[in-house]
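Asks: below are the sequence and a predicted model for it; my questions follow.
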Amino acid sequence: MIEILSERFANLYGHAPSVVARAPGRIEFIGNHTDYNGGTVLGAAINLGVWVAVGPAPAGVLSFATDSQRGIVAVSASDPRKQTGAQRWANYPLGVWTSLRGFGLKQPDGLEYLAASNLPVGAGLSSSAAIELATALAYLALTGENPSRETVVTLGRHAENNFVGVPCGILDQGVSGFGRKNHLVFIDCRGPRFETVPMPAGAHFWVFNTQAKHALVDGLYAARHRECLEAANGLGVALLADVTLAKLEQGRARLTEVNYRRAKHVVEEIDRVARACAALAAGDLAGVGRLLTASHRSSQTQFENSTPELDFLVDALAAAPHVFGARLTGGGFGGAVMALTDAEFSLAQAAQVAAAYGHRFGSRPDVLHCETGDGAEVVRP
Ligand code: GLA
């Protein structure tokens, strides 16, 4: 990928890039909508991601290109306004560029930029965090700055929240930044504090991307965020992570029925993350799998961010041999399901699930057998 990207960069801009950085996509392992509630979450960086090549340019012009679209998006550094229409993708690198200043970091004053990806977009694998993290590392290498990894991750989230405009938590950027092969990333989102946790040997990840997304997915995500904050407010705490199940039950009368269910999902999900950590440490993949499927059931019935497509896949996978558990991964309202399996789960079995899905819904999901991978890094020079 590095060679191809460098060659395309040279074709586009007439010389080689100065820096190439890479950042992985992620699987949300368990901890659904816990991050912005100050809770805990486990994710895994995968071996697919986004590569970003950059070079300096005369001050004042920021040129952005991506291998998935023709042409260059040229933005004036003195007027870095949000892009619309087909140029919208450039809001990720532009958002990171505008965010640098607030973190006390130098902005490259002129820029040539090219991104390439082998991560399916819209698959729930967070291509957005991957582009943010690869971009941030590339800019920082260009200006010769070296802030902490926590700062890089927070910078990526800042761009997503404040420039792109998605009120996400720290999960996606945190996992892309702190990922490690054969490990999961544990995040205590309140700090935030990041740790890696070994993945027991013999565990395999499969992702089934439905490619079916609710048209209002961004609005629905924001609505869940709002409902959780309303519930916290009703219970007299800043964040739902501060609530025990007992306290939630005591305060139930002060919440709407809907907000009670949202809060119950979050509080129980945080407990499932803790139990998943213990089961992982004990090498109990069957126990981990049961928690994954329980997480999905809670998303389905309490948080209501699942869809019939995702439920179908989870039902089929959870009943299949060699599968420990399955759940929706990411924000929900469409997107992808991940399954944790043993080494015996085969492509033929995955194809069977995909065919049954096709029979029911008319189109087949994309199937990916993912490996874990390392977190974001500068790969050249
Ligand atoms: C999306 C967001 C994350 C997180 C998940 C749900 O992936 O980007 O911050 O909230 O949804 O757990």
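Replies: Cool, the structure landed. Numbering: from 1, shown residues only.
Asks: so residue 119 is in contact with residue 47, correct?
Replies: No - taking contacts as C-beta atoms under 8 Å, residue 119 lies outside contact range of residue 47: 10.0 Å. To be clear about C-beta, it is placed using only N, CA and C from the backbone, and glycine gets the same treatment.
Asks: between these two, what contacts are shared?
Replies: residue 24 (C-beta atoms under 8 Å, 6 or more residues apart in numbering).
Asks: quick one: contacts for residue 90?
Replies: By C-beta under 8 Å, 6+ apart, the residues touching residue 90 are 64, 66, 73, 75, 83.
Asks: quick check: the first one touching residue 113?
Replies: Yes - judged on C-beta under 8 Å, residue 64 makes contact with residue 113 at a distance of 4.8 Å.
Asks: neighbour-wise, which of those two wins?
Replies: More neighbours surround residue 113 than the other of residue 64 and residue 113, with 29 against 26 (other C-beta atoms under 10 Å).
Asks: you'd agree that one is in a strand?
Replies: Yes - membership of residue 113 in a strand is supported by DSSP: H, G, I helix; E, B strand; the rest coil.
Asks: wouldn't it be in contact with residue 93 here?
Replies: Yes - using C-beta under 8 Å, residue 113 is in contact with residue 93, at 5.7 Å.
Asks: overlap of the contact sets of these two?
Replies: Here residue 113 and residue 93 have 52, 64, 135 as joint contacts, going by C-beta under 8 Å, 6+ apart.
Asks: what segments of the stretch 201-350 of the chain are strands?
Replies: Using DSSP state E, counting those that start in this stretch, the strands found in the stretch 201-350 of the chain span residues 204-213, 323-329, 334-341.
Asks: got the domain ranges for the chain?
Replies: Residue ranges for the domains of the chain, per automatic domain parsing: 2-199, 204-370.
Asks: quick one: end-to-end length of the longest one, please.
Replies: Going back to what we said before, that points to domain 2-199. In domain 2-199, first residue to last residue: 28 Å (C-alpha to C-alpha, to the nearest Å).
Asks: rounded mean pLDDT for it, please.
Replies: Regarding domain 2-199, the rounded mean pLDDT is 96.
Asks: please renumber the chain so that the first residue is 2 from this point on.
Replies: OK, 2 is where the count begins now, so the last one is domain 3-200.
Asks: so that domain, near the ligand or not?
Replies: Yes - judged by C-beta under 6 Å from any ligand atom, domain 3-200 and the ligand are in contact via 29, 33, 34, 36, 37, 169, 170, 172, 173.
Asks: inside strands: which ones of those residues?
Replies: Judged by DSSP state E, those include residue 29 as members of strands.
Asks: for residue 366, which non-adjacent residue is closest in space?
Replies: residue 209 (4.4 Å; C-beta to C-beta, 6 or more residues apart in numbering).
Asks: please report how far the one you found lies from residue 298.
Replies: 17 Å (C-beta to C-beta, to the nearest Å).
Asks: residues near the nearest residue to residue 199 once chain neighbours are set aside, how many?
Replies: Using C-beta to C-beta, 6+ apart and skipping residues adjacent in sequence, the residue nearest residue 199 is residue 184, 5.7 Å away. Neighbours of residue 184 under the rule other C-beta under 10 Å: 19.
Asks: can you pull the contacts of residue 184?
Replies: Residue 184 makes contact with 45, 197, 198, 199, 200, 373 under the criterion C-beta under 8 Å, 6+ apart.
Asks: go on, residue 162?
Replies: Taking C-beta under 8 Å, 6+ apart, we find residue 162 in contact with 168, 169.
Asks: name the SS class of it, please.
Replies: Residue 162 - assigned by three-state DSSP - is helix.
Asks: check residue 52 too.
Replies: Going by three-state DSSP: residue 52 is strand.
Asks: tell me what it is bridged to.
Replies: When bridges are called by DSSP bridges, residue 52 pairs up with residue 23, residue 117.
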